[in-house]
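In: Fold the following.
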Amino acid sequence: MRILILGATGFLGSNLFQLASENKNLTVFGTSRFQHENSNIMQVDVTNKRSIGSVIRKINPEVVIWSLMSFEEETQLINLGLENLLSEIESATKLIFLSTDAVFVEGIGGYKESDPIGTLPKEAVLAEYVNGKHTGENLILNKHPNHVILRTGPLYGNNGDQGIEKRTIQIIEKIKENQPFDAYTNVYRTFVNVNDLSSTIIELTNIKFNGILHAGPIHKESYYTFYKKRLVQLGWNNSILRPIIISKEDAPYLSFDTSLNTQKAHRLLKTNFRTV
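Out: Residues are numbered from 1 along each chain as shown. Modelled structure (predicted):
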């Protein structure tokens, strides 16, 4: 099976490319914004119709995985890039679109696949990213029936050459400087190991499933409990962590609990999602 990973050099994309390349049943291609030493990773600009059209015609993929994101220009990436992709791929091509728990802007937690999603006002820090993903989901639902919209919480884990997740690296730097770090005890997420998410995507390429799916472990974590456990895993002292509670007044656009109900994925998939 020929699969194309759009965004094959990011934290998730590079992990997915490596894992998929080890599967003898898959012929794996990827894209990057820049030239790459691996001949199977091609320089592509999805916002350029000719660029993405050329690689689609060359590879003729049976599955395309959208592992692209841009916090600053997500709307343009979706409105140009995703539209270009949808106009170029065949209706029989399976599209796996990586989305986010952040589309659940009310922040009440335990979200099922069928729960309504929302947008953020433009002054919110995450508005560009969240609203772009919201638009992307709707585009796919309306234009490409052979799809999987895969929502996930924050990623973590060891990704070979790229190391670990940036959010934890920042805390480790604080530890090295003996500086305290505040972590929210009342903001909850479904944290997902990058290797487990890659396994999920590979599994989804080969099963008959269309629709929306929430990936991750059953249990949620606060940012405080996540960092506390993660630092222990990595062999660091977590005593610099300071538990704090943040109020809605201090963070009016923060979604306090975007944890996902992942029961559907646990019933459907063989992948075992580890807890932190």
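In: secondary structure class for the residue of the chain positioned farthest from its centre?
Out: Outermost residue of the chain with respect to the C-alpha centroid, by C-alpha atoms, centre = their mean, is Asn178; its distance is 31.7 Å. The assignment at Asn178 comes out as coil when based on DSSP: H, G, I helix; E, B strand; the rest coil.
In: That one against Ile240, yeah?
Out: Yes. Between Asn178 and Ile240 there is a contact under C-beta atoms under 8 Å: 7.4 Å. To be clear about C-beta, it is placed using only N, CA and C from the backbone, and glycine gets the same treatment.
In: show me where the stretch 101-250 of the chain has strands.
Out: In the stretch 101-250 of the chain, the strands defined using DSSP state E, counting those that start in this stretch lie at 147-152, 155-156, 181-184, 188-189, 192-193, 211-214, 221-222, 241-244.
In: For the second one, which strands pair with it and how are they oriented?
Out: Read it as strand 155-156. strand 192-193 (parallel) (DSSP bridges).
In: Dump the C-alpha coordinates for stretch 193-207 into PDB.
Out: Only the C-alpha atoms of stretch 193-207 are listed here, as PDB (Å, rounded to 0.1, in the frame of the first residue of the first chain):
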ATOM      1  CA  ASN A 193       2.500   9.200  23.400                       C
ATOM      2  CA  VAL A 194       3.800  10.000  19.900                       C
ATOM      3  CA  ASN A 195       4.700   6.300  19.200                       C
ATOM      4  CA  ASP A 196       1.200   5.200  20.200                       C
ATOM      5  CA  LEU A 197      -0.300   7.800  17.800                       C
ATOM      6  CA  SER A 198       1.900   6.700  15.000                       C
ATOM      7  CA  SER A 199       0.900   3.100  15.600                       C
ATOM      8  CA  THR A 200      -2.800   4.200  15.500                       C
ATOM      9  CA  ILE A 201      -2.400   6.000  12.200                       C
ATOM     10  CA  ILE A 202      -0.700   3.000  10.600                       C
ATOM     11  CA  GLU A 203      -3.500   0.800  11.900                       C
ATOM     12  CA  LEU A 204      -6.100   3.100  10.400                       C
ATOM     13  CA  THR A 205      -4.500   2.900   7.000                       C
ATOM     14  CA  ASN A 206      -5.400  -0.800   6.800                       C
ATOM     15  CA  ILE A 207      -8.900  -1.000   8.400                       C
END
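In: Now do the buried residues in that stretch.
Out: Neighbour counts over stretch 193-207 (16 or more other C-beta atoms under 10 Å) mark 193-202, 204-205 as buried.
In: just so I know, which of the strands of the stretch 101-250 of the chain lies nearest Leu269?
Out: Leu269 sits nearest to strand 211-214 of all the strands of the stretch 101-250 of the chain, at 8.5 Å, using C-beta to C-beta.
In: Enumerate residues external to that closest one that contact any of its residues.
Out: 101, 111-114, 137, 147-152, 190, 204, 260-262, 264-265, 268 (C-beta atoms under 8 Å, 6 or more residues apart in numbering).
In: Parallel or antiparallel, list what pairs with that strand.
Out: For strand 211-214, pairing defined by DSSP bridges yields strand 147-152 (parallel).
In: Understood, closing this out.
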